[in-house]
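[1] Let's see this in three dimensions:
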Amino acid sequence: MKTQLPADVRPYRRTPEFTEATIPAGLLRHHSTKPGVWAMIHVLEGTLEYRILEPVEERHLLTPGHPGVVEPTVPHEVAPLGPVRFYVEFHAVAPDVGDPHG
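    Numbers count the residues shown, from 1 in each chain. Below is the predicted model:
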């Protein structure tokens, strides 16, 4: 699992905070981000299991201070390990606002 986002991506959206009782069903099963979209899973309380499903299965425990980086198009899922509170922040390459030709 990558531990940092690329330097050229910027946040553009974040989810509401979820708990073990409010996690959308889609996050609990195989899903992925779109091409070019990275995500950072931020755990505020508790522990969340982050499973990368392909190309090689990996399991990671996310806790406050230890977020999970989601790479574009990589299938993954999460599972709460007891009470948890977290949100997901989505990132993409930001256009260069200082470029007069853009």
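[2] List the buried residues of stretch 2-17.
    Buried residues in stretch 2-17, counting neighbours by 16 or more other C-beta atoms under 10 Å, are found at L5, V9. Where you see a C-beta, it was placed from the backbone N, CA and C, and this is true even at glycine.
[3] meant to ask about stretch 20-37, not that
    So, applying 16+ other C-beta under 10 Å, buried residues of stretch 20-37: I23, L27, S32, T33, V37.
[4] ok, now which ones touch the closest residue to the first one other than its chain neighbours?
    Pointing back at I23 there. Nearest residue to I23, sequence neighbours excluded (C-beta to C-beta, 6 or more residues apart in numbering): P80, at 6.5 Å. P80 makes contact with T19, E20, I23, G46, T47, L48, E49 under the criterion C-beta atoms under 8 Å, 6 or more residues apart in numbering.
[5] Quickly list what the fourth one is bridged to.
    Here G46 shows beta-bridge partners V84, assigned using DSSP bridges.
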